[in-house]
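[1] here's a sequence, model it:
(2 chains)
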Amino acid sequence: MALFPVTGRFVGDFVPHLVAVDTEDTMDVLAEKIAVHSVGRRVPVPDPHPGYEVLLADAPVPAATTVGELGLQPLQWLDVRFRGRA
Amino acid sequence: MLLTRDDWYELSRDVDWELDHVDRATAFPANWTGADGIPEKAWDAWEEPFRVSYRDYVRLQREKESGVKAVSQALVRSGTYEKLDPGHVAASHLHMGTTCMVEYMAVTMQSRMCRFAPTPRWRSLGVFGMLDETRHTQLDLRFSHDLLKHDPRFDWAQKAFHTNEWGVLAVKNFFDDIMLSADCVEAAMATSLTVEHGFTNIQFVALAADAMAAGDINWSNLLSSIQTDEARHAQLGFPTLQVLMEHDPQRAQQALDVAFWRSARLFQTLTGPAMDYYTPVDQRKMSFKEFMLEWIVNHHERILEDYGLAKPWYWDRFLLSLENGHHAMHLGTWFWRPTLFWKPNAGVSKAEREWLREKYPTWEDNWGVLWDEVIANVNAGRMDKTLPETLPSLCNLTQLPLGSAYSRHELAPHQLTYNGRLYSFDSEVSQWVFELDPERYAGHRTVVDRFIGGEIQPMSLEGGLLWMGLTPEVMGDDVYQYAWAREYAALVETEAGTLAGVPVAGE
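    All right, here's what the predicted structure looks like:
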């Protein structure tokens, strides 16, 4: 369990953020940590909310996967988008 | 009988030393001159166009100084500053904080040319350049000092480059690279030819016109006076390019292509928001893009063509960036406004948006939708949602936010691993620049690198603001206190029939 910096982009926003995540975080938790900097700030919250999905190098990552299992480099780029918005 | 200037000018200008105690390569090392691979005789062709003697120079500069000072003294006494639009005033804070010490850095660059330029002609002209840049620094300091009683932000003319404010670090990084770390030949390509002969037009001509229209005659006059010097000493880029084209055209192409991209990105930050958002809409002369196309782009294309160079490989990407980059920097700087030492104008009232739509047909889809969410939050009183909770990711070349080169539709990862660490870039062009000479750039640390490295404590936005030297009396906030957003709340009232739950900001 350790803090880990990633470059998190919410698809639709104009800028990715420095986001501190935990190596034990699942993709669901990571998605929330990245989305909070964009959704409801510059990206409207959809109604109903479809939830999020995480992509690494354009490929969706299963929701239960943890950050530690991805073998990321510090500051590696991850995308988050609303589920079903390919 | 007294000799006329033409009788002695060339003899005086071309005086050189015969070296007895050191060899020439020791006195003029190639890594300072930049003349590696260029035969010594080649510099005989280096011809400067302005042929000014020291006596003439002093007389002309004295006249200029008298003119600027007379206008300044009259206007400071007349109280015109108090009548200026606060949006416009923010542009002068931004300019003074980010430019004054660049002028001072240019003194060092010109001093290096005085000592190490590969021909005595250029070394003689370096003296004038050095004096020019000293004058510009002093003009900025005097202007800011006169206005310090009105606003402590003018203190940042002197202070900014001694802080860690992120925008200032990005500016300093660029000019450290092309002024202080560059050899004479590269400095002539990057600074004299690209920045001074090209891009300063947008800061010193376009902004001067906007300042005059805004009634800021004092600042406009200062900018115009500085530009007369820039236009002169920037000329030394042309004979240097001529020599380089004879002996190393590939180096000329690369130096200009790198400098043009990096300059464009920087001026998107410094001048784009001031022209297209801070200047009151009825006082804008041209859009940033229009001015860039007329004064910088056409001009640069002409130089490339005249000297037999190709357009940079990234030209299409540059034109796309010209449509978007400064809008990104504006939204970013406004959203991270506590990290600024000036008060930005959002500049997205309905009338301003109409102007933006007309000038930039893609503005609404690229930027307007993001502002709509900001506006909704302002009008709902959710101010916490209009402020950041973390840092934007930054480019390891420009030190500007990733995403600030194009629009959200083109945002894509540009990352590479070098010596075991991951580097990020705002564009494929910035990545290309890094890859040309990774050792040169790899050690430059962004604010994000310093944050992760533990230099910023506590590791929070508050810790970051403290580290940047931002104190409450200068910290940025919306210059109109969000008044511009109210007309959108009124629209909600009309359409929905109620304003319940939609409080108007500031009330």
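[2] only C-alpha atoms for contact and neighbour calcs from this point on.
    Fine.
[3] now the residue of the stretch 401-507 of chain B found nearest chain A: how far from residue B:355?
    Distance from chain A to each residue of the stretch 401-507 of chain B (Cα to the nearest Cα) is smallest for residue B:408, at 4.2 Å. Distance from residue B:408 to residue B:355, counting by Cα to Cα, to the nearest Å: 21 Å.
[4] ok, residue A:9 to residue A:23 distance?
    18 Å.
[5] higher neighbour count, the two?
    Higher neighbour count among residue A:9 and residue A:23: residue A:9, with 32 against 19, using other Cα atoms under 10 Å in any protein chain shown.
[6] look up phi and psi at the residue nearest to the more buried one when sequence neighbours are not counted.
    With Cα to Cα, 6 or more residues apart in numbering or on different chains as the measure, residue A:16 is the residue that lies nearest to residue A:9, at 4.1 Å, once sequence neighbours are left out. Main-chain torsions, residue A:16, degrees, to the nearest 10: phi -80, psi 160.
[7] for residue A:16, grab the count of nearby residues.
    Other residues within reach of residue A:16 by the criterion other Cα under 10 Å amount to 30.
[8] that one touches residue B:390, doesn't it?
    No. With contact defined as Cα atoms under 8 Å, residue A:16 does not count as touching residue B:390 (10.4 Å).
[9] please work out the average pLDDT along the longest helix seen in chain B.
    In chain B, ranked by residue count with DSSP state H as the criterion, the top helix is helix B:86-116. For helix B:86-116, the mean pLDDT works out to 95.
[10] what's it packed up against?
    helix B:120-147, helix B:156-159, helix B:166-175, helix B:184-187, helix B:249-270 (3 or more Cα pairs under 8 Å, 6 or more residues apart in numbering or on different chains; DSSP states H and E).
[11] now these in TSV, with mean neighbour count and distance to residue B:207?
    Written out in TSV, the entries for the helices and strands packed on helix B:86-116 read as follows (neighbours: other Cα atoms under 10 Å in any protein chain shown; distance: least, Cα to Cα, whole Å):
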stretch	mean neighbour count	distance to residue B:207
helix B:120-147	21	15
helix B:156-159	21	17
helix B:166-175	21	18
helix B:184-187	28	25
helix B:249-270	21	11
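[12] would you mind giving those helices as a markdown table with mean pLDDT added?
    Formatted as a markdown table, these follow (pLDDT from 0 to 100):
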| stretch | mean pLDDT |
| --- | --- |
| helix B:120-147 | 95 |
| helix B:156-159 | 96 |
| helix B:166-175 | 97 |
| helix B:184-187 | 98 |
| helix B:249-270 | 97 |
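[13] switch those over to CSV; also include distance to residue B:394.
    Listed next are the helices and strands packed on helix B:86-116 as CSV, based on distance: least, Cα to Cα, whole Å:
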stretch, distance to residue B:394
helix B:120-147, 30
helix B:156-159, 23
helix B:166-175, 10
helix B:184-187, 26
helix B:249-270, 13
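[14] residues contacting stretch B:287-306, please?
    Surrounding stretch B:287-306, the residues in contact under the criterion Cα atoms under 8 Å, 6 or more residues apart in numbering or on different chains are B:198-199, B:201-202, B:206, B:271-272, B:275-276, B:310-311, B:322-323, B:359.
[15] tell me the one of these nearest chain A?
    Looking at the contacts of stretch B:287-306 and their distance to chain A, the nearest is residue B:323, at 14.4 Å (Cα to the nearest Cα).
[16] for that closest one, grab phi and psi.
    Main-chain dihedrals, residue B:323, degrees, to the nearest 10: phi -80, psi -20.
[17] buried members of the contacts of stretch B:287-306 into PyMOL, please.
    Here is the PyMOL command that selects the buried residues among the contacts of stretch B:287-306 (16 or more other Cα atoms under 10 Å in any protein chain shown):
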select buried, chain B and resi 198+199+201+202+206+271+272+275+276+311+322+323+359
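[18] next step: the contacts of stretch B:287-306 restricted to helices.
    Secondary structure assignment by DSSP H places B:201, B:272, B:322, B:323, B:359 of these in helices.
[19] just checking, the second one touches residue B:326?
    Yes. Contact between residue B:272 and residue B:326 holds when scored by Cα under 8 Å: they sit 5.1 Å apart.
[20] what touches both of those two?
    Here residue B:272 and residue B:326 share no contacting residue, scored by Cα under 8 Å, 6+ apart.
[21] and the spatially most central residue of chain A, helix, strand or coil?
    Geometric centre of chain A, nearest residue: residue A:31, 3.4 Å, by Cα atoms, centre = their mean. The three-state assignment at residue A:31 reads helix, by DSSP: H, G, I helix; E, B strand; the rest coil.
[22] so who does the residue of the stretch 101-250 of chain B found nearest chain A touch?
    The shortest separation between the stretch 101-250 of chain B and chain A is 14.6 Å, found at residue B:166 (distances taken as Cα to the nearest Cα). For residue B:166, the residues meeting the contact criterion (Cα under 8 Å, 6+ apart) are B:339, B:447, B:468.
[23] tally of neighbours for the second one?
    A count of neighbours around residue B:447, defined by other Cα under 10 Å, yields 27.
[24] need the nearest residue in space to it, chain neighbours excluded.
    Once its chain neighbours are removed from consideration, residue B:447 has its nearest residue in residue B:166; the separation is 6.6 Å (Cα to Cα, 6+ apart).
[25] for residue A:76, see how far away the one you found is.
    Taking Cα to Cα as the measure, residue B:166 falls 22 Å from residue A:76.
[26] again with residue B:111
    Applying Cα to Cα, one obtains 42 Å for the distance of residue B:111 from residue A:76.
[27] kindly report the same for residue B:307.
    As it turns out, when the distance is counted by Cα to Cα, residue B:307 lies 42 Å from residue A:76.
[28] try residue B:177
    When distance is defined by Cα to Cα, residue B:177 is 27 Å away from residue A:76.
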